[in-house]
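[1] coordinates for the following, if possible.
(one chain, ligands or ions: 1)
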Amino acid sequence: MIQLSEERCTKCGARLLVNADFCLNCGASLKPRVVSRKERTGFVTAAGVLMIFASCLSAVNGIVAFIISFVLLTYHGGFHLADPAGYGALRFGVLAIVSSGMGLTAGVLSFKRKQFGFVVSSAALLLITSVWQFFADPFPGGLSGFLARAILPLSLLSLILASYKKREFISARAHLNHKD
Ligand SMILES: [Zn+2]
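    Okay, the predicted model is just below:
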């Protein structure tokens with residue numbers, strides 16, 4: 001029995017048959033074809049969920065770092081270059097917010113099985129940010145230190161899960177081959 005899959009031809013947009021090697025409408029080759037929804041496992045979705053969770057914690061971390069830097073820099077007589085702790089917190093805040101934004105985007109991309117490179121880079125950045133915090137945190141026992149300890153395993157696990165199921169991501173090559 002002929003069965004239509006949920007995937008569409010990227011060249012003409014026609015619905016494709018399940019496990020089709022080429023598009024019946026325009027004849028475009030689909031090899032190496034994209035992984036169909038049926039072949040998807042929960043690993044990459046789990047990676048996305050973990051990354052979004054870690055990103056939310058990282059956002060809190062960034063906001064806390066901004067508040068700390070503001071207090072340190074203003075307490076010591078305004079924005080003064082001689083205050084390494086204040087600028088350290090400010091730098092960390094920027095990094096935490098950037099990795100949070102990338103992580104949130106990467107989480108959504110994981111659900112769509114898109115842009116493997118960006119997904120693993122974002123997970124790696126979240127991981128680096130949490131590791132850096134262990135060395136740079138002026139208040140290691142505080143909320144930020146606690147959050148960093150949570151972000152580290154979450155981002156590491158999402159990095160491993162996404163890498164383990166790399167083949168589920170839609171490859172750039174699959175799109176190129178559709179153009180023939
Ligand atoms: Zn087509």
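[2] can you find the helix or strand in this structure with the smallest mean pLDDT?
    The helix or strand with the lowest mean pLDDT-type score in the chain, counting by mean pLDDT, DSSP states H and E, is helix 172-177 (a mean of 50).
[3] which phi and psi does Phe22 have?
    With angles defined as degrees, to the nearest 10, Phe22 sits at phi -150, psi 160.
[4] what's the neighbour count on the closest residue to it other than its chain neighbours?
    Excluding its sequence neighbours, the residue lying closest to Phe22 (C-beta to C-beta, 6 or more residues apart in numbering) is Ser29, at 5.3 Å. For glycine as for every other residue, the C-beta is placed from the backbone atoms N, C-alpha and C. By other C-beta atoms under 10 Å, the residues close to Ser29 number 15.
[5] do the same with Val120
    20.
[6] list the contacts for the residue nearest in space to the middle of the chain?
    Nearest to the geometric centre of the chain sits Ala106, at 2.8 Å (C-alpha atoms, centre = their mean). Shown in contact with Ala106 (C-beta atoms under 8 Å, 6 or more residues apart in numbering): Gly48, Met51, Gln115, Phe118, Val119, Ser121, Ser122, Ala123.
[7] can you rerun that using 6 Å?
    With contacts defined as C-beta atoms under 6 Å, 6 or more residues apart in numbering, Ala106 is in contact with Met51, Phe118, Val119, Ser122.
[8] that one and Phe118: what is the separation?
    Distance, Ala106 to Phe118, using C-beta to C-beta, to the nearest Å: 6 Å.
[9] any bit of the longest strand seen in the chain sitting next to the ion?
    In the chain, taking DSSP state E as the definition, the longest strand is strand 4-8. No: judged by C-beta under 5 Å from the ion, strand 4-8 makes no contact with the ion; its nearest approach is 8.2 Å.
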